[in-house]
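1. after the sequence you'll find the predicted model.
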Amino acid sequence: MNTSKLPKMLYGGDYNPEQWDRSIWPEDMRMLRLAGMDIATINVFSWSLLQPSEDSYQFETLDAIMDMLHENGIYACLATSTGAHPAWMAHRYPDVLRTDFDNRRRKFGGRHNSCPNSPTYRKYSTRLASKLAERYKDHPALLLWHVSNEYGGECYCDHCAAAFRIWLQKKYVTLDKLNEQWNTRFWGHTFYDWEEIVLPNSLSEQWSSTSTCFQGISLDYTRFNSDGLLDCYKLEYEAIKQYTPDVPVTTNLMGTYKPLDYFKWAKHMDIVSWDNYPSADTPFSMTAMTHDLMRGIKGGAPFLLMEQTPSQQNWQDYNTLKRPGVMRLWSYQAVAHGADSVMFFQLRRSVGACEKYHGALIEHVGHEHTRVFRECAALGDELQQLGDQLLGSRLTSKIAIMYDWDNRWAIEYSSGPTIALQYVDEIHKYYDALYQQGIQVDIVSFEDDLSPYDVVLAPVMYMVKPGMKSRIESFVQAGGSFVTTYFSGIVNENDIVTLGGYPGELRNLLGIWAEEIDALFPDQSNRIIMKESLGTLQANAEFNCSLLCDLIHSEGADVLAEYGDDFYAGMPVLTRNRFGSGEAWYLASSPDAEFLQGFLRELSAQHDIHPLPGKMPNVEVTRRDKDGRDYLFIMNHNADSTMIDLGSNRGVNLLTGHSLSGQTELAGRDLLIVELI
Amino acid sequence: MNTSKLPKMLYGGDYNPEQWDRSIWPEDMRMLRLAGMDIATINVFSWSLLQPSEDSYQFETLDAIMDMLHENGIYACLATSTGAHPAWMAHRYPDVLRTDFDNRRRKFGGRHNSCPNSPTYRKYSTRLASKLAERYKDHPALLLWHVSNEYGGECYCDHCAAAFRIWLQKKYVTLDKLNEQWNTRFWGHTFYDWEEIVLPNSLSEQWSSTSTCFQGISLDYTRFNSDGLLDCYKLEYEAIKQYTPDVPVTTNLMGTYKPLDYFKWAKHMDIVSWDNYPSADTPFSMTAMTHDLMRGIKGGAPFLLMEQTPSQQNWQDYNTLKRPGVMRLWSYQAVAHGADSVMFFQLRRSVGACEKYHGALIEHVGHEHTRVFRECAALGDELQQLGDQLLGSRLTSKIAIMYDWDNRWAIEYSSGPTIALQYVDEIHKYYDALYQQGIQVDIVSFEDDLSPYDVVLAPVMYMVKPGMKSRIESFVQAGGSFVTTYFSGIVNENDIVTLGGYPGELRNLLGIWAEEIDALFPDQSNRIIMKESLGTLQANAEFNCSLLCDLIHSEGADVLAEYGDDFYAGMPVLTRNRFGSGEAWYLASSPDAEFLQGFLRELSAQHDIHPLPGKMPNVEVTRRDKDGRDYLFIMNHNADSTMIDLGSNRGVNLLTGHSLSGQTELAGRDLLIVELI
Amino acid sequence: MNTSKLPKMLYGGDYNPEQWDRSIWPEDMRMLRLAGMDIATINVFSWSLLQPSEDSYQFETLDAIMDMLHENGIYACLATSTGAHPAWMAHRYPDVLRTDFDNRRRKFGGRHNSCPNSPTYRKYSTRLASKLAERYKDHPALLLWHVSNEYGGECYCDHCAAAFRIWLQKKYVTLDKLNEQWNTRFWGHTFYDWEEIVLPNSLSEQWSSTSTCFQGISLDYTRFNSDGLLDCYKLEYEAIKQYTPDVPVTTNLMGTYKPLDYFKWAKHMDIVSWDNYPSADTPFSMTAMTHDLMRGIKGGAPFLLMEQTPSQQNWQDYNTLKRPGVMRLWSYQAVAHGADSVMFFQLRRSVGACEKYHGALIEHVGHEHTRVFRECAALGDELQQLGDQLLGSRLTSKIAIMYDWDNRWAIEYSSGPTIALQYVDEIHKYYDALYQQGIQVDIVSFEDDLSPYDVVLAPVMYMVKPGMKSRIESFVQAGGSFVTTYFSGIVNENDIVTLGGYPGELRNLLGIWAEEIDALFPDQSNRIIMKESLGTLQANAEFNCSLLCDLIHSEGADVLAEYGDDFYAGMPVLTRNRFGSGEAWYLASSPDAEFLQGFLRELSAQHDIHPLPGKMPNVEVTRRDKDGRDYLFIMNHNADSTMIDLGSNRGVNLLTGHSLSGQTELAGRDLLIVELI
């Protein structure tokens, strides 16, 4: 993103003045300025206002808003308003309405409610984006485009069915190929005509959103649906680019949101932005991991924190207030992981409808004398002070965790071996083990280049896509350490098993064969017994493992630990296969945190990868760097103060200007941004 | 109700001889007389029998039943049979069938199954009521009309959609006004044509029965639906009144049943009646409260206990038998709270279909030698003895609790701050605190005159309707004590927030400002610490509070207690604002029972309101009065006997004729009705 | 079944070579032979392959498979492939698709997916069966026909509705009779025209699969649906018999599967076969009982174990591996209860779709060097050794437990007295009490001849069908002991209550009257106090009882035990009525296992029925006999070895040829088959 227009962290959020009488607009402007804000995401849900009927467009209100923002020194993150269609459109053109998983044509209501393959929707959403771009292309307030809003959901209408068949023809070319890759001879589902294919929902192949008779069709539908929504985005993107080729375009993503393959999406976004809504009990490391994922989908580029709540949410079961200091701390957590903005939903609380109890900069009371406003304004001051120092800086890591949407979908569609296997939770186990030690991680896709890394973790790499085998083997050959786990190497990209013994295409690399896979009940566990010492994991030490236990045989791999219990006691549970100059590790069961931290600490150390300074329990650390300068973020998630030890590092706290070295006390929910010197 | 025809508590219940061969009717009559019964609710579900085809009506069976009742000295509570339409009608006129929340047109089945806006239903239900009234208007058995049965449920068909649009036009006149009050600019839902409005169900604005994108439309639909069913009732009411203007008309209500605004309904009922089906674990005070509500909706007038089970229910998960004495005790509990009848569902158990395991006077065995029959007959004797002494007596209270259906609907549609806020449970907390101390309460609507009361409690008065502000302020001005709580004063009658700071229209009266609202998890609590003594609540004493914590500031109110924990420790949790001659109290969080009892005891005492004599743990007390005489009900819900202390009161136990004073032993599940002298 | 073709236990399983490239077939054959297999269930889901379009049939692949099997000495259990229709058929003839309980017409997908009353389905499924029979009638590999697969499910389409009306007309002849037996006057549901009757689903009379407004219609629909699927089976059966009158025909049943009345089905099956899929935590006695039921539906004839998994399932939540030895032990458990085969699903794991993680003889690795294969091959060897010794042997028992599908349906449709009453679990309580003592049991229908038995248990005989009264009375008259329980004798075959006092038609026989039925909460219990000693149940001993408590009066029966608690303490809980030469027992509440074992031990002993030798905790024993020889199965379900005491019995272990007598050690999960001498 071109940051010359606004050389500082963007600070602002969603703002909907069109929902209010104009008489309060001046007061809004006064308060936004008071809070140090410089960007407002506008026009997110105004389609019905902009296009009150099929043939008329009215931009007067939006003109006034754009002008007002500019007059007050605030830039616009200008949305295209296509996240919810107008009521008149649903009434006149029912094809814009979605058909749900139960095959019911919906009626007008809600948002994110348009069929992605509706001709009406595609026509009018593109036209609106085009008209907006044409009108505001030269407006001085325009900083950024925001297409639609939080794309998501599914549709199962006849338009989608027809589009699905075309998508399939493009992928498989022949029905023979499709029948083979879906294994339709099973249960005699062979298709002899493309028209026989119906969408997989609760009336056909699925009995729940994650249970299907045929993984092939369900997986392809999921891809198709992600692609279809992406097509809608791309149509608007292209319409906009015709008028403003240099203004960056984004849409707000949702972290680990399952239905959309954000690695694919990010390719078509000029800058990634996302909405961060942790629950009160979300682990800090889960939020951290999600930031890293949002950075990872665009190859490490800085991203925008597009939304977070300044105080409380409304849609949780129990909407706890963010305690004093938490909003600031979590804002910087985003920055610490690569964000170049701090933005809120929302700047003024709505007066009616379902989000009126969601926190806002300007509360219903309407003035600035609130805790929430004061905290926001103080943060605004700080961000002003920080200026452009951190802008565009990157995080550097020698360890990567591989993450993949297709893999997740396939795992979670799988019938067997266990319902307890949730991909994001598994990824988080490994991420957390590094996080707890202050070791910085990148999250990469199954397609990304692995050469920048020394260690690559690929937990539950169930699906091995074309080309991965050689890519991973080359990585290890060249000296890298590769780690994968139980239930890996099982299927190809269409969920067809790689025959000849698990872990399939990875078997040679790993030097093992997984003969069987045992699923444990939630109250069951086995033991990992170390056969030899590995870093801090002492020989004969015991750890717990659970979830799944692969019954593996070494085919050349060193056995570092064995199962302690059950009929497979004595079989390997941790193996290392030397391959070229590197090593390929296999973890046959899901270990406890103590084992995992010890194992990954040792693996890191072997590659001279060490914790960042300042790590303490519940103190999070990251480092951004830019132009040869290193910025260390040390964030105290504890409510109480903690002593931080910088070791031999020295620097200046950018938030205070104070020099720092050795030990320093960090207040509860406070942070340091140390420019190392 | 004109009680001259039957100068005693009505005693009887639902009776369906048309479901049986006539040969058993004489035995029924013998047993009803043996049980001392004098009223039978008949003809509740006989539409298919009365109108076997579109053009034919057959009243012979009903004639015979009416005559038989009369010959046996039993009066008829004559139902209109419109609670379930005939199968032929559903087959011929599908518009009588409802469309459910999932927008599925139902088929024939069940009961309470007619669309309230079906032209066919309205036409034929009114015609049937009219024919019945015409035919039986002079029948000597006729005592009371019973329209339909347990009105309830919803319909989402096209007839309802059309009627809803008309209802909305009547309410809002213009679409502009509707758009404003529903805040449709949020998410761009602006309507430009009335036809664009669709009913809010799972296909449009709602994702569950209590979750909606737009509170405005959902709230209006709920009102519309309550009104539509009431219209059906009124059509029959008016048809009946043309023939029998002096015979009272009722329909059986269901206590705190959520979908119908019974305050509105009661205006059109000559006498309220209701069906009391507590579970085995329903608190006694919840039943008591519900009786008080049923009395309250008709301004304190006596009501009828229309249904209860003599022994067990069939539709609970575990249908426990009422223990010996419980049926009698709970019957008198109804009387103690204002009932002028004791009636059962049912007099004879059906031989087939889904209610055959519901208790009845006459069980499947068919004779009177059962525990249940004996208990019923003994009660019949007692009621005979009591004669008309209690008939028409009233309960007098100086404390009122405000209750409102609109308020409940709006609270439970709210997205945030917590799913744990259930209106009836909140009301019950306050009711129970008084109940446990033997302090009698009235339940009044948001529209009722408050001048008869010294103390008015309005827990969770989330919605402030037009006119309420001045009415409550006048009440306090004149010396009353008003108490409200967390999450009050937030919105107007359409769920639009009153801007300018919570509690909105009540802010001036209460002298506080609620800056934020924190929602606690179920396992969390805060502490209430008394700053000064208040009655038995000692200075520095501590109590628990939970659910919600408003973060309030005093704007003139006295702070009597503060929070003990969290970042808002030290902020007010109990405030009192002197206003005119009275006081307005605010409870910022939901306190434990100990605090609430102490607080309300003191508040009562300040107004010289004292517990009724005889109150003991699990012993319930109420007082009815009539013509200057006071009747004290003392009911022992314990299984074991308890000593009762009448203090300085003296009287005669109407059930035994014995004089009572000072201490007296009351057997388990026994009661006293003491006429005080 | 004619066993001359293959004079040994059948050993094999489901095999789907048509889902694979032919290049692997030779390897399959090699491995099947290696495992000692001699039967393959083929062609289960090949309809789309056999009939690729409406007018073409292609049998080449099946020909090749049949020939291959024959060449390799393997017989075919030849399925008809009608368990899942082709996609083209669903596309062209939507009437083959089912309409679900929510009245939604399904789309193509899944299996067991054809409407049983679809004209298209009936026409083409029969035609296919006919063509297969004609083509393979003389094929030397043909051993057995397998019609369709795991019949089940329901349909609610218009074809079914029309067929239902015809079914009803046949049953009731007149609407008057139907109205009477459904008690339609209740809630005014009287039908005046057959066309007014709609199927009972979630749009009409039911609000869940077990909750209905009218038990009569729901019960009849359930029977109709079972009959309709049976008709489909019979159509194919008859088509096959035209060509191969001497080849036995079966279809694979599913144990206690609720929707199908297998007693009716078995009448039309030449041999019963079933699929045994216990969960890891299914009690061994539940599996044993289910085997006995599958034997019982065909009057004790040997049956086939058609499917079980060799290792793990895929559709459980947590798919635990069968521990070493368990597959063998459970295979013999089937044999011990009357199976003449050991067969698996599946012989080769599929490469894609939803069952690919279900265990198989040939795993994805594709070779024989797996634990699972080795265990299967070892079992193959053993079965070869056993030869035909056990084939056709029977189990003999003097105790029968009565089981009935109509009774189950009626109980589980009942509204009240408790949702905790689950028929299969109740039957299992009584079965288990005998199982734990090594007493062998037959399971018989409500229609079966009771004269072979000395003791008949009929737990929860809620429904008394026509003729049962006299049949049971004759049994007792002649000296038998009959035991029934709470909630028995209540209704006729249409769920209409037998008036005059529970237990209705059984009242005279039992000499008691049940006045009331109390339902206990799950955490509640009462006590059984023995009034006199009964075998090992000492006078004054106390036991727990729960679930339901009938409040009974003796009308001549001896009272052997009384309730210990609650207001019915002192009322009878166990009674015995002498009737003719026998005794009729009534258990008024559900007792604990200790009581039930003691009670049934004594009852057995009184009839000189004694435990089989070798019974120990978790050691199961049964006996098959044939031609005067007795084969004792002693199966150790413990993981560890146990000492077995044969007492005075002597014999030879058929599995080892060793002589056995007195005490012998039996290894964990090992078994003995002792031919007694």
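-> Sure thing, it's come through. Numbers count the residues shown, from 1 in each chain, chains lettered A, B, ... in the order given.

2. who's in contact with A:Val365?
-> Taking CB atoms under 8 Å, 6 or more residues apart in numbering or on different chains as the criterion, A:Val365 is in contact with B:499-502, B:513, B:515. C-beta: built from backbone N, CA, C; applies to glycine.

3. count the residues that sit near the nearest residue to A:Arg323 once chain neighbours are set aside.
-> The shortest distance from A:Arg323 to any non-neighbouring residue, by CB to CB, 6 or more residues apart in numbering or on different chains, is to B:Phe567 (5.7 Å). The tally of other residues near B:Phe567 (other CB atoms under 10 Å in any protein chain shown) stands at 15.

4. does B:Phe567 touch A:Pro324 like I think?
-> Yes. With contact taken as CB atoms under 8 Å, B:Phe567 and A:Pro324 are classed as touching, separated by 5.4 Å.

5. for chain B, give me its nearest residue in the stretch 151-300 of chain A.
-> Scanning the stretch 151-300 of chain A for proximity to chain B using CB to the nearest CB identifies A:Ala280 as nearest, at 7.7 Å.

6. before we move on, back to that, now the contacts of A:Val365 as a markdown table including pLDDT and secondary structure?
-> Putting the contacts of A:Val365 into a markdown table (pLDDT from 0 to 100; DSSP: H, G, I helix; E, B strand; the rest coil) gives the following:
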| residue | pLDDT | secondary structure |
| --- | --- | --- |
| B:Leu499 | 98 | coil |
| B:Gly500 | 97 | coil |
| B:Gly501 | 98 | coil |
| B:Tyr502 | 98 | strand |
| B:Trp513 | 98 | strand |
| B:Glu515 | 98 | strand |
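
7. tell me which stretches of the stretch 501-650 of chain A form helices.
-> In order along the chain, the stretch 501-650 of chain A carries the following helices (DSSP state H, counting those that start in this stretch): A:507-510, A:593-606.

8. chain B is nearest to which of the ones you listed?
-> In this view, the helices of the stretch 501-650 of chain A are compared for proximity to chain B by CB to the nearest CB, and helix A:593-606 is the closest at 24.2 Å.

9. and stretch A:44-55, C-alpha only, in PDB?
-> Extracted C-alpha coordinates of stretch A:44-55, given in PDB (Å, rounded to 0.1, in the frame of the first residue of the first chain):
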ATOM      1  CA  VAL A  44     -20.400  -0.700   4.100                       C
ATOM      2  CA  PHE A  45     -24.200  -1.300   4.000                       C
ATOM      3  CA  SER A  46     -25.700   1.400   1.900                       C
ATOM      4  CA  TRP A  47     -26.800  -0.300  -1.300                       C
ATOM      5  CA  SER A  48     -30.500   0.400  -0.700                       C
ATOM      6  CA  LEU A  49     -29.600   4.000  -0.100                       C
ATOM      7  CA  LEU A  50     -27.300   4.400  -3.100                       C
ATOM      8  CA  GLN A  51     -29.700   2.500  -5.500                       C
ATOM      9  CA  PRO A  52     -33.200   3.000  -4.200                       C
ATOM     10  CA  SER A  53     -34.700   1.400  -7.300                       C
ATOM     11  CA  GLU A  54     -33.500  -0.600 -10.200                       C
ATOM     12  CA  ASP A  55     -32.800   2.400 -12.400                       C
END
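
10. please name the residues that touch the residue of the stretch 201-350 of chain A found nearest chain B.
-> When distances are taken as CB to the nearest CB, the stretch 201-350 of chain A reaches nearest to chain B at A:Asn314, 3.2 Å away. Shown here is A:Asn314, whose contacts under the criterion CB under 8 Å, 6+ apart are A:354-358, B:415-417.

11. who wins for neighbours among the residues you listed?
-> The residue in the contacts of A:Asn314 with the most neighbours, by other CB under 10 Å, is B:Pro417 (27 neighbours).

12. from B:His146, how far off is that residue?
-> Distance from B:Pro417 to B:His146, counting by CB to CB, to the nearest Å: 43 Å.

13. and for A:Arg104?
-> Applying CB to CB to A:Arg104 and B:His146 gives a distance of 39 Å.

14. quick check, A:Tyr257 in contact with A:Gly152.
-> Yes. Applying CB under 8 Å, one finds A:Tyr257 in contact with A:Gly152, separated by 6.3 Å.

15. in chain A, where is pLDDT below threshold?
-> A:1-3 (pLDDT under 70).

16. quick check: closest non-adjacent residue to the spatially most central residue of it.
-> The residue lying closest to the centre of chain A (CA atoms, centre = their mean) is A:Gly255, at 2.6 Å. Leaving aside its chain neighbours, A:Gly255 sits nearest to A:Thr290 (4.1 Å; criterion: CB to CB, 6+ apart).
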